[in-house]
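Novice: turn this into a model:
(2 chains)
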Amino acid sequence: MTFAVYLQALKEAVDDWAEAEQRLRTAGYSLDDADVSALGRPRLADAARAFVDTWTGELGGLRQQAGDNAAALDGSRALYGAVEGAELDRIQRLLAFEDRDAAPDLAIDPGSGSW
Amino acid sequence: MTIDVPARLGELDPLPAEAGAALGVVTSLRGCATSVSDVADTMAKNGAPADWQGSAAEAAENAMTGFARHGDAIVAAFETVLPACDRYVDDLADLAKAWNAIDGDRIELNTDRQLLLHDIAGSTEARTQALQDRAAALTARRGAIAARVSALWADLTAAEDRLIDALAAYLQSLHDPRAVHDWWTSLTDAEREALKVSDPDLVGNTNGIPTGDRDEANRTSLDRDLDHLQNLPPDELTTEQPGSSSGPSRPRRPSASPVSTSTPTPGSRST
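Specialist: Numbers count the residues shown, from 1 in each chain, chains lettered A, B, ... in the order given. Sure, this is the predicted structure:
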């Protein structure tokens, strides 16, 4: 089995999810800023608070999901990085001594095999 | 002869909200909706990262589109409520203008009343009828002002009711299994069957859908998982799918029906 992972693409995916998490955090701050008591009498303020609480919860779930995805992908990236390092060591040990300082190809062709 | 001078009109109760402060709340809600919309749009456009292939690409695609759908549902809730919020802010501005006009008339009435009392104190019997006419006119003005005050508060209550209805509409569709049940029973048999086949997870996990239908949907879901796993080549059977953004592997099921699915909100029908 050949490991074929384009680490830069993985890094970009991590960044996308992390950015989504951050932007949703900002959206949450907007909701936190909404002082629903300014809308008027308690019956209206209570309905508005229920609305804000509901979507704060939903937003929190979405943000958590984005953060979890970023963390999971980042973990995978680290693991693949370690695997690649070990693989390179193994390959280098098989090479002739004078070839061992050849620059490693960090970005392995993603189309070269399956995981 | 007696002259009936109307009582002084006391200060009006202040309005419970100002348009400017309410606008601040609406701005916060709009800011949130815009941020979520941007994120959902970005994720919907992104799809799987470039150069990803196979099950990892599918998992990434699923995670992003599912995430974007969830974001869109949140944005939809805000888009429903924001126009009602804008209208409420406009209503508050109109009510504030009306309140100021009424208060101006109230102050003028009280001033005219003071003048009348002053004139009565220095009057002679011969002017009694004229003074009585002025008092009657003041009484009529007072009644008109009181009626406008009542109308003002009724208008405020109506404006609040409109916004409460808009705020509650999405909460109800989100939480009320009865609303989901009504939506489900409004579908034709063919539409229900198609949904059970095309999106068994949604049907199986939604409170409000009858348990028989949920059970059927869950069995469909399990059968598909088993079929998928049994048809996988041995070297693709793993306990985990590396690179999957959603944790342990779960085979993606192909859509078996042209039926499009949507979050089961009352009044919406899948076609």
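Novice: next one: the nearest residue to A:Asp16 once chain neighbours are set aside from B:Ala56, what distance?
Specialist: Among residues not flanking A:Asp16 along the chain, B:Asn46 sits closest, at 6.1 Å (C-beta to C-beta, 6 or more residues apart in numbering or on different chains). (C-beta placed from N, C-alpha, C; glycine too.) Distance of B:Asn46 to B:Ala56, computed by C-beta to C-beta, to the nearest Å: 15 Å.
Novice: these two: which is more packed in?
Specialist: B:Ala56 (24 against 20; other C-beta atoms under 10 Å in any protein chain shown).
Novice: show me how far stretch A:84-100 is from its chain's centre.
Specialist: 31 Å (C-alpha atoms, centre = their mean, to the nearest Å).
Novice: does chain B have contacts with that stretch?
Specialist: No. Using C-beta under 8 Å from any C-beta of the partner chain, stretch A:84-100 stays clear of chain B, coming no nearer than 12.8 Å.
Novice: could you give the mean pLDDT of that stretch?
Specialist: Stretch A:84-100 shows a mean pLDDT of 72.
Novice: and that stretch, which residues are buried?
Specialist: A:Glu84 (16 or more other C-beta atoms under 10 Å in any protein chain shown).
Novice: likewise for stretch B:73-92?
Specialist: So stretch B:73-92, judged by 16+ other C-beta under 10 Å, has buried residues B:Ala73, B:Ile74, B:Val75, B:Ala77, B:Phe78, B:Val81, B:Ala84, B:Cys85, B:Tyr88, B:Val89, B:Asp91, B:Leu92.
Novice: keep only those that also lie close to chain A.
Specialist: Okay, of the buried residues of stretch B:73-92 touching chain A (C-beta under 8 Å from any C-beta), that's B:Ala73, B:Ile74, B:Ala77, B:Phe78, B:Val81, B:Tyr88, B:Leu92.
Novice: per-residue confidence for the first one?
Specialist: Right, the one you point to is B:Ala73. 84.
Novice: swap in the fifth one?
Specialist: At B:Val81 the predicted local distance difference test score is 93.
Novice: cool, the third one as well?
Specialist: The score at B:Ala77 is 86. That number is its pLDDT.
Novice: element containing it?
Specialist: helix B:54-121 (DSSP states H and E).
Novice: run through the neighbouring helices and strands of that helix.
Specialist: helix A:42-94, helix B:19-46, helix B:128-175 (3 or more C-beta pairs under 8 Å, 6 or more residues apart in numbering or on different chains; DSSP states H and E).
Novice: just want the angle from that helix to helix B:19-46.
Specialist: 170 degrees (axes from the mean of the first three to the mean of the last three C-alpha atoms, to 10 degrees).
Novice: how far is helix B:54-121 from where the chain is centred?
Specialist: The answer for helix B:54-121 is 12 Å, by C-alpha atoms, centre = their mean.
Novice: that helix versus helix B:128-175: what angle between them?
Specialist: Going by the same axes, to 10 degrees, helix B:54-121 makes 170 degrees with helix B:128-175.
Novice: quick revisit: now the residue nearest to A:Asp16: how far from B:Ser35?
Specialist: 17 Å.
Novice: with B:Thr124 instead?
Specialist: For B:Thr124, the distance to B:Ser35 - C-beta to C-beta - is 76 Å.
Novice: between the two, who's got more neighbours?
Specialist: B:Ser35 (22 against 6).
Novice: quick check: phi and psi on the closest residue to the more buried one other than its chain neighbours?
Specialist: Leaving aside its sequence neighbours, B:Ser35 sits nearest to A:Ala27 (C-beta to C-beta, 6+ apart; 3.6 Å). Here is the backbone geometry of A:Ala27 (degrees, to the nearest 10): phi -60, psi -40.
Novice: can you get me a residue count around A:Ala27?
Specialist: Neighbours around A:Ala27, by other C-beta under 10 Å: 26.
Novice: tell me where the model's unsure across chain A.
Specialist: A:1-6, A:96-115 (pLDDT under 70).
Novice: centroid residue for it?
Specialist: Centroid check for chain A by C-alpha atoms, centre = their mean gives A:Ala70 as the closest residue, at 1.7 Å.
Novice: now for the residue of chain A most remote from its centre: which residues touch it?
Specialist: Going by C-alpha atoms, centre = their mean, the residue of chain A most distant from its centre is A:Arg41, 42.9 Å out. Neighbour list for A:Arg41: B:Pro16, B:Ala17, B:Glu160 [criterion: C-beta atoms under 8 Å, 6 or more residues apart in numbering or on different chains].
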